[in-house]
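Asker: no FASTA, just this:
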C-alpha cells in the first residue's frame, strides 16, 4: 500500500472481511421478515443519509456541480446494480453457486485494473487470482444443489461485472472527489433506485418489525454499508485495486464459518481445502517480485 502502514492496512482489511463475511447469515435471518429489494434499499438509503448528515460540516467538498457524474455512475455500479442484481439473481439459483460466480469480481478487478489503470499483471499474479477463485469454488462446492436457471447465471455474472467495474472506476476517478462524500452519494443514489424498485414491486406491509429484522437493518446501515464502504474505498485508494480485491476471496470463508455458528450450517472438508487455496492466492497476488541481479546491484550502489 502506498499511503497506509502495513499494520493499518491489515486491520482495515480484517475488519472489512469480517463484516462482509458475517453479514450473509445476519441478512439471511432478516430476509425472512422483509421483501429483499426494500431491505436492500433501506440499508443503502439510510446508510447514505447517515454519512451525509455527518459530512454536512464538509459540504463545500461535495462539489456536486462538477462531480455529479462520478456520484451517479458509482451509485449505479456499486449499489443499485450490485445489490439489485444480487437480490433478484438469488431467486433463480442456489446461493452457494451464485456467490462463487459473484466472487469472480477480484479476478475481474485484476484484469480491468491491468487494462484500464495500467497496473502490473504478472503470470504469478494471474495464477494467484485463479487460485483464489478456485478456493471460493471449493468452499461452496458442497452447496451446488437445487434448480439452476440461465437467468441466475446471467444475474450473477452481471453482479460481478458491476462490482468490478465500480471498484476500478472509483480507483480511476477517485482523486477528483472526496472519498466520504462519494460513499454517501453512491449509497443515496443507489438506495433511492432500490427503494423505488421495491416500492413498485413489493409491499411495505410485508415487513415484520421484530428484533431479528431491526438488528439486520441496523447492522447493514452502520457496518454493512456505511463503514465498510468507507474502509473499502480507503484501501482501494491506497494501493493496487487488484491486491485489495484479492482479500475479498476470504469473505465466503468467513461467511461459511459464521453460518456454521449462527445458522448451524455444515462445516465440510471443502472449507479446509478452500482456505489453503485462498491463502496461497493472497500470498501470490501480494508477493513482491525479487529484483534482478542488475537491479539489486544498482540499488545497493545508489
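Answerer: Noted; the coordinates are in hand. Everything numeric here is computed off the predicted structure, so don't read it as measured data. Numbering: from 1, shown residues only.
Asker: Any regions of the stretch 51-200 of the chain where pLDDT drops low?
Answerer: Filtered on pLDDT under 70, the stretch 51-200 of the chain yields the residue ranges 93-98, 100, 139-150.
Asker: try 50
Answerer: 145-146 (pLDDT under 50).
Asker: Residue 4: what secondary structure?
Answerer: coil (DSSP: H, G, I helix; E, B strand; the rest coil).
Asker: okay, it: pLDDT?
Answerer: Residue 4 carries a pLDDT value of 74.
Asker: Report how many residues lie close to it.
Answerer: Around residue 4 there are 17 other residues, counting by other C-beta atoms under 10 Å. Where you see a C-beta, it was placed from the backbone N, CA and C, and this is true even at glycine.
Asker: residue boundaries of the strands in this structure?
Answerer: With strands called from DSSP state E, the chain shows none.
Asker: all helices for the stretch 151-300 of the chain, in order.
Answerer: 179-201, 211-219, 228-238, 241-247, 250-263, 269-286, 293-301 (DSSP state H, counting those that start in this stretch).
Asker: so which of the ones you listed comes closest to residue 20?
Answerer: Relative to residue 20, the nearest member of those by C-beta to C-beta is helix 250-263, separated by 4.7 Å.
Asker: same for that closest one, what does it pack against?
Answerer: helix 6-30, helix 95-102, helix 123-139, helix 269-286 (3 or more C-beta pairs under 8 Å, 6 or more residues apart in numbering; DSSP states H and E).
Asker: run the last query once more with 7 Å
Answerer: helix 6-30, helix 123-139, helix 269-286 (3 or more C-beta pairs under 7 Å, 6 or more residues apart in numbering; DSSP states H and E).
Asker: winner for burial among those?
Answerer: helix 123-139 (a mean of 21; mean count of other C-beta atoms under 10 Å).
Asker: Figure out how far that one is from the centre of its chain.
Answerer: 17 Å (C-alpha atoms, centre = their mean, to the nearest Å).
Asker: Next: stretch 116-127.
Answerer: 20 Å.
Asker: first to last residue in it, what's the distance?
Answerer: 20 Å (C-alpha to C-alpha, to the nearest Å).
Asker: Residue 112 reaches residue 164, doesn't it?
Answerer: Yes - Residue 112 is within contact range of residue 164, at 5.7 Å (criterion: C-beta atoms under 7 Å).
Asker: sorry, back to before: which one of the helices of the stretch 151-300 of the chain lies closest to residue 17?
Answerer: helix 250-263 (4.6 Å).
Asker: avg pLDDT for the closest one?
Answerer: Rounded mean pLDDT across helix 250-263 is 75.
Asker: show me the contacts for residue 80.
Answerer: Applying C-beta atoms under 7 Å, 6 or more residues apart in numbering to residue 80 gives the contacts 190, 193-194.
Asker: Also residue 228?
Answerer: Going by C-beta under 7 Å, 6+ apart, the list of residues near residue 228 reads 16, 19-20.
Asker: Swap in 6 Å and give it another go.
Answerer: 16, 19 (C-beta atoms under 6 Å, 6 or more residues apart in numbering).
Asker: do residue 83 as well
Answerer: Taking C-beta under 6 Å, 6+ apart, we find residue 83 in contact with residue 40.
Asker: on that earlier part again, among the helices and strands packed on helix 250-263, show the one with the smallest mean pLDDT.
Answerer: helix 269-286 (a mean of 73).
Asker: Thanks a lot, catch you later.
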